[in-house]
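>>> sequence and computational prediction follow.
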Amino acid sequence: MFVFSLILKATETVGQTAHQAESGSTPELPNIIEIISSLLHGSGLAVFLRTYQNLCFSAIAIIFLGILFAKASNRAKLIPGKLQNFLEIPIEWLYDLVTGILGKKGEKYLPFVGTIFLYILTMNLLGLVPGMKSPTSSLNTTLALGLTVFVYVQYTGMRNLGIIGYLDHLAGQPRDIVGFVLIPLMFPLHVLGEVVKPVSLSLRLFGNILGEDSLIAALASLGVVVLSFVHFPYIGIPLQLPFVLLAILFSTIQALIFTLLSTIYLSLMLPHEEH
């Protein structure tokens, strides 16, 4: 009975998606949390699920990655099996990316950069799974990711440069009379530049994933409208399928761009000998 209610509620939500597309608002495909919260009819749990649904899907991505890598590492072999070999491919690629930008000493930053890439990629692709949603289509999620990179980069700079060296970096590393005279100008500009970086990272990722998911939802609802003459509700032509393949590519590219820029921001904060 509960499963039947879920299916019925899902079809109603698809109809709401079509109405959103027709009214000009941002269309969204139904997800399992919205369906369950609708069945709970305004209870406290329903409000909680609706309010924190992006956190719930982020937790799903974390749990999925944790189980996947735990299973692969527990059965690690000198001659890797299929799962281990599959997971070692992105790790080796990320190793080449990080060390190519930061040098050999960049190995110690690989866990952070690699986790950022895999986490964002998983969240991006999660929205392509029926009943799921991309948490990165929310500005709250992407801004949190940008702030995480910002805090880590500033912490790394202070740890490697020291407080004096860190302030010297923000002042533009003045070494002559002209540099010292320009400190009142360079210091605010460098601080502003550091603050803008997480904002640009978060807005870029948010805008692209939101647009991608909205396009798929709009095409799915359009497929329902096209077959409206059959008078069987919420059944339509899957017009979104070709764009799902493109969305997989774009989701990967956006995760790569976020990771690449984060690594470059990190390199700019490190001493020159670590570049």
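Nice, thanks for sending it over.
>>> shaky segments in the stretch 151-275 of the chain?
Applying pLDDT under 70 to the stretch 151-275 of the chain picks out residues 226-236, 272-275.
>>> now the helices for it?
Ranges of helices in the stretch 151-275 of the chain, per DSSP state H, counting those that start in this stretch, are 177-181, 183-226, 241-269.
>>> will you turn the ones you listed into a markdown table that also has distance to residue 145?
Quick note: C-beta positions are derived from backbone N, CA and C, even for glycine. Shown next, in a markdown table, are those (distance: least, Cβ to Cβ, whole Å):
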| stretch | distance to residue 145 |
| --- | --- |
| helix 177-181 | 35 |
| helix 183-226 | 7 |
| helix 241-269 | 7 |
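>>> nearest to residue 52 among these would be which one?
helix 183-226 (17.8 Å; Cβ to Cβ).
>>> and that closest one, how far out from the chain's middle?
Between the mean C-alpha location of helix 183-226 and the chain-wide mean there is a distance of 11 Å, by Cα atoms, centre = their mean, to the nearest Å.
>>> give me the angle between it and helix 241-269.
170 degrees (axes from the mean of the first three to the mean of the last three Cα atoms, to 10 degrees).
>>> surely residue 157 meets residue 270?
Yes. Contact criterion Cβ atoms under 8 Å: residue 157 and residue 270 qualify, at 7.4 Å.
>>> quick revisit: indicate which one of the helices of the stretch 151-275 of the chain is closest to residue 147.
Per Cβ to Cβ, nearest to residue 147 of the helices of the stretch 151-275 of the chain: helix 183-226, 5.4 Å.
>>> the closest one packs against which elements?
helix 2-23, helix 139-170, helix 241-269 (3 or more Cβ pairs under 8 Å, 6 or more residues apart in numbering; DSSP states H and E).
>>> rewinding a little: okay if I get the helices of the stretch 151-275 of the chain as JSON lines plus distance to residue 41 and mean neighbour count?
Formatted as JSON lines, the helices of the stretch 151-275 of the chain follow (distance: least, Cβ to Cβ, whole Å; neighbours: other Cβ atoms under 10 Å):
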{"stretch": "helix 177-181", "distance to residue 41": "66", "mean neighbour count": "11"}
{"stretch": "helix 183-226", "distance to residue 41": "25", "mean neighbour count": "17"}
{"stretch": "helix 241-269", "distance to residue 41": "33", "mean neighbour count": "17"}
